[in-house]
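Chemist: With the input below, show me the fold.
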Amino acid sequence: MRPGFPRTRRHFLLSLAALGASPVLAPNRVLGANQPEGDWPRRFQNADGTATELPAAPARILSTSVTATGTLLAIDAPVAASASAANGKFFSQWEATARERSVENIWPAGRVDLEAVYAVSPDLIVVSATGADSARDHLARLRAVAPTIVVDYGRQSWQELARDLGQATGLAAHAQRRITEFDRHVADIKGNLILPRGQVNLISYNGPGASNPIATRDGVHGQLLRALGFDVEAPNPRWHGTADPSSDFIWAAYEFLPELRAGTTFLLRTDDAGVAEMLRDPMLANMPSVRAGQVYALGPNAFRIDYYSATEVVDRIQRLFGR
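Modeler: Numbering: from 1, shown residues only. Got it, this is the predicted structure:
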């Protein structure tokens, strides 16, 4: 038993289902971020406006956010344990990396088990401010175990999140190297693409009776395709069908999809089977991209963008449009 904690562990299994709307969150950063990586302690400014004192570089990180875990792994952070997706699995784009590094799958998104937290004995806990994998409601209990930081991947590119996590872990140089490596890869691919004419759009196609999120120009998906040279169509913001604002997607009703005008459509979170389904949809037959047969899948991992899934998207674009 670690000093300072009760000898009798209580087992908390806590539901995260009832999360309310989040307030506007500030970008997270380390105060005095120009300090050298070895300069500790340091103070991390959390995305919820609070600050966390970090006494030393962590050696055992617990990520309660499966989405943040991909970026932690990308910067070579010492992740000891991580929450998984709601299905109990790690994201497939980095699952092999997590296995190689013996990352423990501690619980599925939507639950927090404090007994498991104590068992991991982390020296840093990472919490997401928003999303289905947020443990924000349980910050007080988590902070009783170890220093806990709050990030907001929903308002950041993976590169911005990597910089923040790099500062919090003492791995800022690792983070910048990974970003530079990725940017170089994007530039190399961009120079060897033959792009389709006109605009493109990006849709998470779910069919009738459901939201069909359309990526914005300035969200992480739109930025990625624009970096490759594509002109991304901007969806009408009036189509947004949820109370929560989103910079990455317009959560549009199915009935709005035929109003999109781009000549090329990229589908998120699906493979070629999803393309075939959309092309067969009679409601969408007059979409310019459907009429032209220019609908392409970006893969099952393309909805949540981190270093690993972004690399998969770039490589798929190369296979589709490379010289």
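Chemist: For the rest of this, base every contact and every neighbour count on C-alpha atoms.
Modeler: Will do.
Chemist: residue ranges with poor pLDDT in the stretch 1-150 of the chain?
Modeler: Low-confidence regions of the stretch 1-150 of the chain, defined here as pLDDT under 70, cover residues 1-37.
Chemist: residue ranges of the helices in it, please?
Modeler: Secondary structure of the stretch 1-150 of the chain (DSSP state H, counting those that start in this stretch): helices located at 66-74, 95-100, 114-120, 139-143.
Chemist: what sits up against the first one?
Modeler: Translated: helix 66-74. Residues lying outside helix 66-74 but in contact with it, judged by C-alpha atoms under 8 Å, 6 or more residues apart in numbering, are 63, 78-79, 82-85, 90-91, 94, 97-98, 109, 126, 128, 133, 153, 158, 161-162, 165, 175, 178, 304, 306-308.
Chemist: Need the buried ones from the residues you listed selected in ChimeraX.
Modeler: Those of those that meet the burial criterion (16 or more other C-alpha atoms under 10 Å) are gathered into one ChimeraX selection, given here:
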select :63,78,79,82,83,84,85,90,91,94,98,109,126,128,133,153,158,161,162,165,175,178,304,306,307,308
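Chemist: Just to be sure, which of the contacts of helix 66-74 are found in strands?
Modeler: Per DSSP state E, strands hold the following members of these: Ser63, Val79, Ser82, Ala83, Ser84, Val126, Ser128.
Chemist: and which of the residues you listed is nearest Glu233?
Modeler: The shortest distance between Glu233 and any of the ones in strands among the contacts of helix 66-74, using C-alpha to C-alpha, involves Ser128 and amounts to 29.5 Å.
Chemist: Relative to Asn212, how far out is the closest one?
Modeler: In this structure, Ser128 lies at 24 Å from Asn212, with C-alpha to C-alpha, to the nearest Å as the measure.
Chemist: buried stuff in the longest helix along the chain?
Modeler: Within the chain, and with DSSP state H defining each element, the longest helix by residue count is helix 172-190. Buried positions in helix 172-190, judged by neighbour count with 16+ other C-alpha under 10 Å: Ala172, His174, Ala175, Gln176, Arg178, Ile179, Phe182, Val186, Ile189, Lys190.
Chemist: Arrange these in TSV, one row each, with distance to Leu257 and pLDDT as further columns.
Modeler: Rendered in TSV, the data for the buried residues of helix 172-190 read as follows (distance: C-alpha to C-alpha, whole Å; pLDDT from 0 to 100):
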residue	distance to Leu257	pLDDT
Ala172	41	97
His174	41	96
Ala175	38	98
Gln176	38	98
Arg178	36	98
Ile179	34	98
Phe182	32	98
Val186	29	98
Ile189	30	98
Lys190	28	98
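Chemist: quick one: buried residues of stretch 58-78?
Modeler: In terms of neighbour count (16+ other C-alpha under 10 Å), stretch 58-78 has its buried residues at 58, 60-78.
Chemist: domain parsing for this protein?
Modeler: 13-186, 200-321 (automatic domain parsing).
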